[in-house]
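Colleague: build me a model from this:
(one chain, ligands or ions: 1)
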Amino acid sequence: MQWCQYRDGQLLAEDVPLAELAAEFGTPTYVYSKAAILAAYGEFADAARGHDTLVCYALKANANLAVIELLARAGAGFDIVSIGELMRVQAAGGDPAKVVFSGVGKSKADIRAALAAGVRCFNVESEAELRRIDAIAGEMGRRAPVSLRVNPDVDAGTHPYISTGLRENKFGIAHERALAAFQFAASLEHLDVQGIDCHIGSQITEIAPFLAAVDKLLELATRVEAAGIALSHLDFGGGLGIDYQGEVPPSRRALLEAVFERLAAHPLGRRYAVMFEFGRAIVGNAGLLLTRIEYLKSTPVKQFAIVDAAMNDLLRPALYDAWHAVRPVVRRAEEPVVYDVVGPVCESGDWLARERSLSVVVGDLLAIESAGAYAMVMSSNYNARPRAAEVLVDGDRALLVRERETPESLYALERRLPPPG
Ligand code: LLP
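Modeller: The predicted structure follows:
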């Protein structure tokens, strides 16, 4: 992560020493780089210039209002999956007309709110959902813009929990049933059928699966248009991977250019507006989790660095066996020792990194990298642990963008029993 480098043996976030952030805001704390977020989005935006393209940011990766606001000001659209995410976009000053609404289980309240707000499009995942949106749009005296999410059955080669474009996934409408679904959608009075949508998975590090999806969508678009249903856009979802452990994904520019080139080679391809829904590739490497070592514990077979962050702050290692780089905030000259970095939660699955060679002492700070995406948003209060603070760094300034939760706030919504008797 370029924005996070050592200077005189001290790790900095942009121009702010991480040790200063720990002193000011405590630990654990998520630290985000404004420059890194804007640079990542900017690469997509630059590549999209001159094309009729909306680059959406998938809020599920990191939904902090400050992050949303940065991206809204930079011109991004947004991909949401709940009314809560829609409200976050609105609270951060984002434009609902640039919002696409994804997700397999939209509730009636979700649909009503999104129609009232005037979202750009619903990405619909089933015939039942088409029926539901049509009925609600009818009640509200509106026409709902929809695109159908198809399952292109492309193997994106990622972790089974985060691959979404295979036949056995719950997502999308099977490719062979898609034409019938489009015909059904077009027959409903309150729907305005606009496009085809897909999302084939996450942390994809090759261009080929994206191009396979482009081909599948173009082939389907040809059949849909031949059936007399005019389309205006194709949405290729998100999924571009990042470097966690030396992976070399295509650059953001290379991916978009390859997609545009593939589209341009097809007779229909040039006619459509294009949308993307990237999350991880915009924020993943723009964040880290700052944590302090509480204990160094030695057992006959292993050395543990027990830190004050845990699986409730960063679930990815426990859930996906994910690898996050760990760097000490202060460089020491002593011989390194191989540690498992673990948290205080009462689960053996509570580990953040395994078998890392570190030269550290108790009280040292560690930066757990690539924690800008799917970290805070997947956090929990397990073991009554307050959620960590979030800080946005901008040059030599640091802005608290979410306060650390307090223990009291965790039970504020709970009620005690009535008095006995
Ligand atoms: N669009 C749709 C419909 C999605 O389901 C997703 C992610 C995205 C866009 C954004 O994908 P991205 O560009 O971030 O890959 N918690 C997992 C990742 C789950 C992704 C789910 N869907 C992780 O920590 O790796």
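Colleague: chain neighbours aside, what residue packs nearest to residue 51?
Modeller: Closest residue to residue 51 apart from its sequence neighbours, by CB to CB, 6 or more residues apart in numbering: residue 260 at 5.8 Å. In this view, the C-beta of every residue, glycine as well, is placed from N, C-alpha and C.
Colleague: for the residue nearest in space to the middle of the chain, what are its contacts?
Modeller: For the chain, the residue nearest the mean C-alpha position is residue 61 (2.1 Å; CA atoms, centre = their mean). Contacts of residue 61 were listed using CB atoms under 8 Å, 6 or more residues apart in numbering, and they are 279-280, 282-284, 372-374, 377.
Colleague: coming back round to it: how close does the residue nearest to residue 51 get to residue 212?
Modeller: Applying CB to CB, to the nearest Å, the value for residue 260 to residue 212 is 16 Å.
Colleague: likewise residue 370?
Modeller: Residue 370 is 27 Å from residue 212, by CB to CB.
Colleague: in terms of packing, which of those two has more residues around it?
Modeller: Comparing residue 370 with residue 212 by other CB atoms under 10 Å, the one with more neighbours is residue 370, at 26 against 18.
Colleague: okay, now the unreliable bits of this structure?
Modeller: Scanning the chain for pLDDT under 70 picks out 158-169.
Colleague: which non-adjacent residue is nearest residue 239?
Modeller: Residue 239's closest residue in space is residue 204 (CB to CB, 6+ apart), at 4.6 Å.
Colleague: my guess is that neighbour contacts residue 238. True?
Modeller: No - counting by CB atoms under 8 Å, residue 204 sits too far from residue 238 to count as a contact (9.1 Å).
Colleague: tell me if residue 214 really is in a helix.
Modeller: Yes - using DSSP: H, G, I helix; E, B strand; the rest coil, the assignment for residue 214 is a helix.
Colleague: so what's the residue nearest to it when sequence neighbours are not counted up against?
Modeller: Leaving out its chain neighbours, the residue that sits closest to residue 214 by CB to CB, 6+ apart is residue 262, at 4.7 Å. Counting by CB under 8 Å, 6+ apart, residue 262 touches 211, 214-215, 269.
Colleague: separation between residue 262 and residue 236?
Modeller: Distance of residue 262 to residue 236, computed by CB to CB: 10 Å.
Colleague: need the residues touching each of these two.
Modeller: Shared contacts of residue 262 and residue 236 (CB under 8 Å, 6+ apart): residue 214.
Colleague: domains of the chain?
Modeller: Under the assignment automatic domain parsing, the domains of the chain span 4-32+285-410, 63-278.
Colleague: the shortest one vs the ligand: in contact?
Modeller: Yep, that's domain 4-32+285-410 we're talking about. Yes - applying CB under 6 Å from any ligand atom, one finds domain 4-32+285-410 touching the ligand at 316, 320, 374.
Colleague: neighbours of the last one, how many?
Modeller: If you count neighbours by other CB under 10 Å, residue 374 ends up with 25.
Colleague: and if you look at the first one?
Modeller: Residues lying near residue 316 (other CB under 10 Å) number 20.
Colleague: on that earlier part again, what's the residue nearest to residue 239 sitting at in phi/psi?
Modeller: Dihedral pair for residue 204: phi -90, psi 130, per degrees, to the nearest 10.
Colleague: bridging residues for it?
Modeller: On the basis of DSSP bridges, residue 204 is bridged to residue 240.
Colleague: that one: neighbour count?
Modeller: 26.
Colleague: quick one: contacts for residue 207?
Modeller: 250, 254-255, 258.
Colleague: what's the closest non-adjacent residue to residue 357?
Modeller: residue 336 (4.3 Å).
Colleague: need the contact list for the one you found.
Modeller: By CB under 8 Å, 6+ apart, the neighbours of residue 336 are 357-359.
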